[in-house]
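> Just the structure for this:
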Amino acid sequence: MPAPRDHLELRPGRFLLSVTGRLGILAALFWHFVVVQFQFALHRPGEWGHTLLVPIATGFLVWIDRERLFARPFRVSGSGYLLVGLGLGLYGLTLLGPGWLQVHNARSLGIAVILCGCVITILGWGSLRVLWFPLLYLFLFGQFVSPVVLAPITDRLQDLAASGARFTLGLFGYDTIRSGNLLMIETPDRSRPIDVAEACSGMRMLMAFLALGTLIAWSGLPLLWQRGVLVLLAVPIALLVNIVRIAMQGVLDTYDPELTTGAAHSFISMLWLIPALLLFLLCQWFLSGFSPEESSDSEPVRSVPRWSTRTPIAFGVRMGLLIFGGVMIHFIAGWAGVHSIKQAVPLRAPLETVSTVLGPWKRVGTDLVYPDTVVDVLGTSAYLDRTYRLDGEGQLQLHVAHYTGGPTTRPHLPERCWSVTGLIQTGDASVIDVSEFLDSMPESDRRHRSTGESYRAVDVLDLPTGEPRRLHVPVGNLELRVSIFADPLDPGVRLVGGYFFIANGRLTSSAYGVRALAYQPGDRHAFFTKIQFTQAIDAAGLSDEDVLASYERLVESILPRLLPELLRVLPDWSDLEADP
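Residues are numbered from 1 along each chain as shown. Modelled structure (predicted):
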């Protein structure tokens, strides 16, 4: 039947090409968001690499339901312009507004509102009866999700994976002791520790598995309740498979420890995605048995999209609004000096070149080298783990980790990392001020651009030339956030951990504040470095106050000697501020 004269028709292939082209225009207008999203996917492919495929999966979801989408003519809706304007305003606030809004997920919300407005403007509100789910799928799975949001979920699943793996190993006849997320497998000749870290627990791939499971559920089952049940089953399936996988890794470790490290560990872990997928498909097959039988005499539906003749005008107005709004937002951001894409600030020298002798403090043993799985969880290969000893006084384990450029990351802290290994925090964390020695350093003529504070200066010998070199101390008070932990397996020992951060030329002890300091909108570069001191102390007869006082004396002894060495290898933020 020929199309009515008051409607325009477009073949599905041309329709898909048209939609793809318009999405390309949106990506070009909001390239700051797109570039940062690519950085997350490329820097952490195991967690967020799937986001690169989600737009394709979204197009597939639209395509398989195209007949229902094209059944009625599309009606242009002017109310969509309000959503486009609202989305542009929200996106602009994430670039130019207060700091708490300048986050990737808030930016994605603005783009989601813009996309919904575009759909309603061209296709009308009726199209959402089909497109609501593909749009929601794109928003939920097509972006990086902040660790602050995911951590409470993945941390709990990690704990469950450790408990389940211990139970499974017991079924195989292995005596296993669990301390937090640390499993100790007892064999006749030795004890083998298995750390159910974030990467090893499989929870790092949870979002990718959920995205795949949701795609299978929506495309393979006809009823809404079936789809909902299958999506909900994705989490317990992922947890169950990972429990068995961790147990198998423990068994393999008792035969050959090389199978639980490096490339072999990663390969075996990837293989377990196959039984996870098969189990998911089995659940889909079972649920499909409750589907109603399809009627053989159902009427054919239209497969050609039809628009109102006013659609070209609406399309032109919408594209003009988008282009104007996008160009103005980025023009104002450039004029205001906002840099949402940060440049990396590499170390000036490897962390390993920090002196092994710091006055009376001397290195004990050799620096620790982490396995690949631990480096993956840590989020950086620029780290130093070294123990220093002060004769007659005690020793401190130094941990330094440097993060720069690219996407933000969640610092790894004793409050979480030690708790998951079974240690028990004995009280609230304390903040100690150890910046007294900074008062003896002269003030520099340079000032921190954001705070206006003068840098203090310290002279060190440049290793390649042997000539003195002036460095600038980050501004702010040098404070450590310190926590004390007890080990249930060794009640007489206390483990004390304290840390501070250097971020874009400033000092802080706040794990939450450090990312805000490192990713200031007006800074072209971004970096932060965590410095942590750990002490194991025989606390028999000592109170927590005595333990903290002993720890503070050691830190105050080593810091005046260590800080210049760290500043020698870390970036000098004042030099970056001096660059035009």
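
> May I ask which helix or strand encompasses residue 455?
Assigned by DSSP states H and E, residue 455 falls within strand 454-461.

> how far is the helix or strand just after that strand from where the chain is centred?
Counting by DSSP H and E, the next helix or strand C-terminal to strand 454-461 is strand 468-473. Here the centre of strand 468-473 is set off from its chain's centre by 34 Å, with CA atoms, centre = their mean, to the nearest Å.

> what's the angle from the strand holding residue 455 to strand 468-473?
Strand 454-461 runs at 150 degrees relative to strand 468-473, counting by axes from the mean of the first three to the mean of the last three CA atoms, to 10 degrees.

> can you list the residues that contact strand 454-461?
Applying CB atoms under 8 Å, 6 or more residues apart in numbering, the contact partners of strand 454-461 are 438, 441-448, 467-475, 505, 563-565, 567-568, 574. Where you see a C-beta, it was placed from the backbone N, CA and C, and this is true even at glycine.

> Please repeat the previous calculation with a cut-off of 7 Å.
Under the contact criterion CB atoms under 7 Å, 6 or more residues apart in numbering, strand 454-461 has outside partners 438, 441-444, 446-448, 468-473, 475, 564, 567-568, 574.

> buried subset of those residues?
438, 441, 444, 446, 448, 471-473, 475, 564, 567-568, 574 (16 or more other CB atoms under 10 Å).

> Now do the buried residues in stretch 160-179.
Quick answer for stretch 160-179 (16+ other CB under 10 Å): 160, 161, 162, 164, 165, 166, 168, 169, 174, 176, 178, 179.

> between those, which is nearest residue 339?
Of all those, residue 161 has the smallest distance to residue 339: 39.5 Å, by CB to CB.

> so where does the closest one fall, helix or strand?
Going by DSSP H and E, residue 161 is part of helix 147-171.

> What is the distance between that helix and the centre of its chain?
With CA atoms, centre = their mean, you get 18 Å for helix 147-171.

> Could I get the average pLDDT for it?
With pLDDT averaged residue by residue, helix 147-171 scores 76.

> packing partners for it?
Counting contacts by 3 or more CB pairs under 7 Å, 6 or more residues apart in numbering; DSSP states H and E, helix 147-171 is packed against strand 175-179, strand 182-186, helix 224-255.

> Using PDB, list the CA coordinates for stretch 518-535.
Extracted in PDB, the C-alpha atoms of stretch 518-535 (Å, rounded to 0.1, in the frame of the first residue of the first chain):
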ATOM      1  CA  ALA A 518      44.200  16.200  41.700                       C
ATOM      2  CA  TYR A 519      41.400  16.800  39.200                       C
ATOM      3  CA  GLN A 520      40.800  20.500  39.500                       C
ATOM      4  CA  PRO A 521      38.900  21.900  36.400                       C
ATOM      5  CA  GLY A 522      41.400  24.600  35.700                       C
ATOM      6  CA  ASP A 523      44.500  22.300  35.800                       C
ATOM      7  CA  ARG A 524      45.900  20.900  32.600                       C
ATOM      8  CA  HIS A 525      47.600  18.100  34.400                       C
ATOM      9  CA  ALA A 526      46.600  15.700  37.200                       C
ATOM     10  CA  PHE A 527      48.500  13.400  39.500                       C
ATOM     11  CA  PHE A 528      48.400  12.200  43.100                       C
ATOM     12  CA  THR A 529      50.800  10.100  45.100                       C
ATOM     13  CA  LYS A 530      50.000   8.000  48.200                       C
ATOM     14  CA  ILE A 531      52.700   7.700  50.900                       C
ATOM     15  CA  GLN A 532      51.900   5.100  53.600                       C
ATOM     16  CA  PHE A 533      53.900   4.000  56.600                       C
ATOM     17  CA  THR A 534      53.100   0.600  58.300                       C
ATOM     18  CA  GLN A 535      54.500  -0.600  61.600                       C
END
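
> Can you report how many residues lie near the residue nearest to residue 344 when sequence neighbours are not counted?
Closest residue in space to residue 344, ignoring its immediate chain neighbours: residue 405 at 2.9 Å, by CB to CB, 6 or more residues apart in numbering. As a burial measure, residue 405 scores 15 neighbours (other CB atoms under 10 Å).

> ditto for residue 61
Residue 61 has 19 nearby residues by other CB under 10 Å.

> Likewise for the one 4 residues further on?
Neighbours of residue 65 under the rule other CB under 10 Å: 17.

> I'd guessed it sits against residue 129; true?
No - look at residue 65 against residue 129 with CB atoms under 7 Å: they stay out of range, at 10.0 Å.

> Stretch 472-483: which residues count as buried?
Result for stretch 472-483 [16+ other CB under 10 Å]: buried residues 472, 473, 474, 475, 476, 478, 479, 480, 481, 482, 483.

> Now do that stretch: distance to the chain's middle.
Centroid separation for stretch 472-483 versus its chain: 25 Å, with CA atoms, centre = their mean.

> who touches it?
414-415, 425, 429-435, 438, 441, 444, 446, 448, 451, 453, 455-458, 496-500, 502, 505-509, 548, 551, 555, 567, 572-574.

> out of the residues you listed, which are inside helices?
Among the contacts of stretch 472-483, the residues falling in helices (DSSP state H) are 414, 415, 548, 551, 555, 567, 573, 574.

> my guess is the third one contacts residue 430, does it?
If I follow you right, that is residue 548. Yes - counting by CB under 7 Å, residue 548 does reach residue 430; the two are 6.3 Å apart.

> The two: who's more crowded?
residue 548 (20 against 16).

> what about the closest residue to residue 288 other than its chain neighbours, how many residues close to it?
If the residues on either side of it in the chain are set aside, residue 288 comes closest to residue 221, at 6.1 Å by CB to CB, 6+ apart. By the other CB under 10 Å criterion, the neighbourhood of residue 221 contains 20 residues.
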